[in-house]
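*Asks:* have a look at this fold, sequence not included:
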Ligand SMILES: Nc1ncnc2c1ncn2[C@@H]1O[C@H](COP(=O)(O)OP(=O)(O)OP(=O)(O)O)[C@@H](O)[C@H]1O
């Protein structure tokens, strides 16, 4: 077991009103597995992903990383796991516009103290793998959405994480680019045994994963194809 969540609860207070978003989530993912999380808008998918990725603290419940319970008060431990073991990809890429493609990809390495030469070598290898070598020196604004997302994925896997969290990674892409990005996820999963947790609204993408979870009314349920059809989500 790589990552497990037990009875996660999380709510938010907006002024006087309090909403309970996650009401007791149980979740697990094994090494090398591909998981999709589906759910209506506002159901708490991002909140859950943030908690699994140690970016946000649950109100109660536990998250286990490789069977060890995480202490959400120990920011040093959390940040170590987040930086070394986890990669993140977002809908709007979150790339640095003032840097070129290669510099964006190298950034996690440089921040971990990797010598520039080594970081550049690794960055160039990744660009080659993604068939984006000729874009290395271009600025981000000159790339298409699909290319930007591939660069974001290269940056996310720069330090060889064990798990990649993707929050609506194709939400801003046309159908063709979305297909390419999903194909890249599947290849990386195969080649690197990269564990994937993908939040998506797209059922076709979800079906490419090993398992699908549905988040609804605060609870997460594992869904089979038949029950997905029946629920209409
Ligand atoms: N920091 C916060 N403060 C207050 N409310 C929040 C906060 N973060 C999330 N929420 C609320 O929690 C609920 C779940 O939000 P979340 O972004 O996790 O949903 P989601 O399923 O990812 O939605 P979408 O599919 O639209 O991205 C929403 O009602 C949102 O407004």
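*Replies:* Noted; the coordinates are in hand. Quick caveat, the model's predicted, so the values are computed rather than measured.
*Asks:* check which helix or strand the residue nearest in space to the middle of the chain maps to.
*Replies:* Taking Cα atoms, centre = their mean, the centroid of the chain lies closest to residue 165, which sits 1.5 Å from it. Taking DSSP states H and E as the definition, residue 165 sits inside strand 163-167.
*Asks:* packing partners for that strand?
*Replies:* helix 45-52, strand 86-90, helix 175-192, strand 195-199 (3 or more Cβ pairs under 8 Å, 6 or more residues apart in numbering; DSSP states H and E). Glycine gets a C-beta too; all of them are placed from N, C-alpha and C.
*Asks:* about what we covered before: and the residue nearest to the centre of the chain, what are its bridge partners?
*Replies:* residue 88, residue 197 (DSSP bridges).
*Asks:* what's the most buried one of the helices and strands packed on strand 163-167?
*Replies:* Comparing the helices and strands packed on strand 163-167 by mean neighbour count (mean count of other Cβ atoms under 10 Å), strand 195-199 ranks first with a mean of 24.
*Asks:* is that strand in proximity to the ligand?
*Replies:* No: counting by Cβ under 6 Å from any ligand atom, the ligand is not contacted by strand 195-199; separation bottoms out at 6.7 Å.
*Asks:* beyond that strand, next helix or strand please.
*Replies:* helix 203-206.
*Asks:* returning to that earlier point: any chance of the helices and strands packed on strand 163-167 in CSV, plus distance to residue 208?
*Replies:* CSV is the format used below for the helices and strands packed on strand 163-167 (distance: least, Cβ to Cβ, whole Å):
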stretch, distance to residue 208
helix 45-52, 18
strand 86-90, 16
helix 175-192, 6
strand 195-199, 9
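*Asks:* make TSV out of those and add mean pLDDT and distance to residue 10.
*Replies:* Output for the helices and strands packed on strand 163-167, formatted as TSV (pLDDT from 0 to 100; distance: least, Cβ to Cβ, whole Å):
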stretch	mean pLDDT	distance to residue 10
helix 45-52	97	6
strand 86-90	96	18
helix 175-192	95	27
strand 195-199	97	15
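*Asks:* for the ligand, what are the nearby residues on this protein?
*Replies:* 12, 14, 19, 21, 39, 41-47.
*Asks:* by neighbours, which of the residues you listed wins?
*Replies:* residue 44 (28 neighbours; other Cβ atoms under 10 Å).
*Asks:* how near is that residue to residue 190?
*Replies:* 30 Å (Cβ to Cβ, to the nearest Å).
*Asks:* for residue 146, same thing?
*Replies:* Distance from residue 146 to residue 190, by Cβ to Cβ: 20 Å.
*Asks:* would you check which pair of the residues of the chain next to the ligand lies furthest apart?
*Replies:* The distance between the two most remote of these (Cβ to Cβ) is 19.9 Å, for 14 and 39.
*Asks:* backbone dihedrals for residue 73, both of them.
*Replies:* Torsion angles at residue 73 (phi, psi; degrees, to the nearest 10) stand at phi -90, psi -10.
*Asks:* report the separation between it and the ligand.
*Replies:* 19 Å (Cβ to the nearest ligand atom, to the nearest Å).
*Asks:* just the pLDDT at that residue, thanks.
*Replies:* Reported pLDDT at residue 73 in the predicted model: 94.
*Asks:* and if you look at residue 92?
*Replies:* 89.
*Asks:* now it: closest residue in space, sequence neighbours ignored.
*Replies:* Once flanking residues are discounted, residue 92 sits nearest to residue 172: 6.2 Å by Cβ to Cβ, 6 or more residues apart in numbering.
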